[in-house]
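**Student:** sequence and predicted structure below; questions after.
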Amino acid sequence: MNYRHGDLALIRIDKLPKGLIVSKENVLLIGSGGNPHTFTGGKFYPSQGDNFVIGYFVAEKKCVLYHTEHGKAIKGKKLLEAKIAEGTYELRRQCEDTNSGMKKVED
């Protein structure tokens with residue numbers, strides 16, 4: 001299963017590439033609107049040097065993504081939540097094909 005979380009896409013993969021280092025932060029991406037995509041119940045492995053693949057993510061049981069604009073409302077909080085199935089994912093910045101070429105999605 002794949003997920004779209006605003007300007008962030010999680011694409012299911014079989015296994016992690018070698019040589020990755022886990023992040024100590026819980027922020028996957030600061031969206032184009034300035035709001036962070038954060039998580040609980042997973043491990044984020046950022047990658048460098050690619051405009052669209054931002055890293056890799058291992059979702060554990062009860063993994064949840066949080067954002068101010070994407071997901072279901074959490075009673076008493078301003079954040080929304082999206083539950084993610086257990087698995088390994090490549091994280092991509094969403095892009096769109098335009099007349100002038102590929103560009104990042106503005107969320």
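**Tutor:** Cool, got the structure. Keep in mind it's a predicted model, so treat the numbers as computed, not measured. Residues are numbered from 1 along each chain as shown.
**Student:** now residue 30. Nearest residue, chain neighbours left out?
**Tutor:** The spatially closest residue to residue 30, leaving aside those adjacent along the chain, is residue 36, at 5.3 Å (C-beta to C-beta, 6 or more residues apart in numbering). Glycine gets a C-beta too; all of them are placed from N, C-alpha and C.
**Student:** measure the one you found to residue 76 for me?
**Tutor:** Distance of residue 36 to residue 76, given as C-beta to C-beta, to the nearest Å: 20 Å.
**Student:** over to residue 69?
**Tutor:** Taking C-beta to C-beta as the measure, residue 69 falls 18 Å from residue 76.
**Student:** between those two, who's got more neighbours?
**Tutor:** residue 69 (13 against 5; other C-beta atoms under 10 Å).
**Student:** who's in contact with that one?
**Tutor:** Listed by C-beta atoms under 8 Å, 6 or more residues apart in numbering, the contact set of residue 69 reads 6, 31, 33, 35, 80, 107.
**Student:** redo that, cut-off 7 Å
**Tutor:** 6, 35, 80 (C-beta atoms under 7 Å, 6 or more residues apart in numbering).
**Student:** filter these down to the buried ones, ChimeraX style.
**Tutor:** Applying 16 or more other C-beta atoms under 10 Å to these leaves a buried subset, and the ChimeraX line that selects it is:
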select :6,35,80
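**Student:** what does the top strand by length along the chain contact?
**Tutor:** Longest strand of the chain, by residue count under DSSP state E: strand 53-67. Contact with strand 53-67 is made by 5-6, 10, 16-17, 20, 28-29, 35, 37-47, 71, 79-93, as judged by C-beta under 7 Å, 6+ apart.
**Student:** let me see the mean pLDDT of the following helix or strand past it.
**Tutor:** Next along the chain after strand 53-67, taking DSSP states H and E as the criterion, comes strand 72-73. Mean pLDDT, computed over strand 72-73, is 85.
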